[in-house]
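1. Sequence first, predicted coordinates after that:
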Amino acid sequence: MQFHHVGVPSAKKRPNETYLAAAKLYITDVAADPYAIEWLRFEADSPLPDVLKKTAHLAFEVDDIEAALKGKKVLIPPFSPMEGVKAAFILHEGVPVEFMQTAG
């Protein structure tokens, strides 16, 4: 498991956001931020859990997302936010944590 980014909810529109239609969410490119911050801007009717809309999350790259989820309190089961990426969220002591697995 390797640290990837911190996701921070924000109402501010930022340059070069990517829109994730299924989540009704705009995200920024982690690689473009010097501190690995992913800014998250949710539409009012986003179906994602409130804890994710209101609380920063940590994200880690994992080799096997299913193995990483074993025995954890799953907040959002595995899904593909973009091509080549599988992600899932757990709750760790009330804090959302994201696991990411990339193809290749």
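-> Sure, I can see it.
2. Every contact and neighbour count from this point should use C-alpha atoms.
-> OK.
3. What secondary structure category should be reported for I90?
-> At I90 the chain is in strand, as set by DSSP: H, G, I helix; E, B strand; the rest coil.
4. Could you measure from it over to D64?
-> Going from I90 to D64 by Cα to Cα, to the nearest Å gives 15 Å.
5. Same check on T18?
-> T18 sits 26 Å away from D64, going by Cα to Cα.
6. swap in K12?
-> For K12 relative to D64 (Cα to Cα), the value is 34 Å.
7. cool, E38 as well?
-> Remark: distance between E38 and D64 (Cα to Cα) = 22 Å.
8. Quick one: the helices in the chain, in order.
-> 50-54, 65-69 (DSSP state H).
9. Between E38 and D64, which has more neighbouring residues?
-> When E38 and D64 are compared for neighbours, E38 comes out ahead with 26 against 14, by other Cα atoms under 10 Å.
10. pretty sure the more buried one is touching G7, no?
-> Yes: because the distance of 4.6 Å satisfies Cα atoms under 8 Å, E38 is recorded as touching G7.
11. now the top strand by length along the chain: mean pLDDT?
-> Longest strand in the chain by number of residues, with DSSP state E as the criterion: strand 73-82. Per-residue pLDDT over strand 73-82 has a mean of 92.
12. by contact count, what packs against it?
-> Packing partners of strand 73-82 (3 or more Cα pairs under 8 Å, 6 or more residues apart in numbering; DSSP states H and E): strand 85-92.
13. Show me the strands paired with the strand it packs on, marking each as parallel or antiparallel.
-> Paired strands of strand 85-92, with direction, are strand 73-82 (antiparallel), strand 95-102 (antiparallel) (DSSP bridges).
14. residues of that strand that come out buried?
-> Buried positions in strand 85-92, judged by neighbour count with 16 or more other Cα atoms under 10 Å: K86, A87, A88, F89, I90, L91.
15. export these to JSON lines and tack on distance to V51?
-> Formatted as JSON lines, the buried residues of strand 85-92 follow (distance: Cα to Cα, whole Å):
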{"residue": "K86", "distance to V51": "20"}
{"residue": "A87", "distance to V51": "17"}
{"residue": "A88", "distance to V51": "14"}
{"residue": "F89", "distance to V51": "11"}
{"residue": "I90", "distance to V51": "11"}
{"residue": "L91", "distance to V51": "9"}
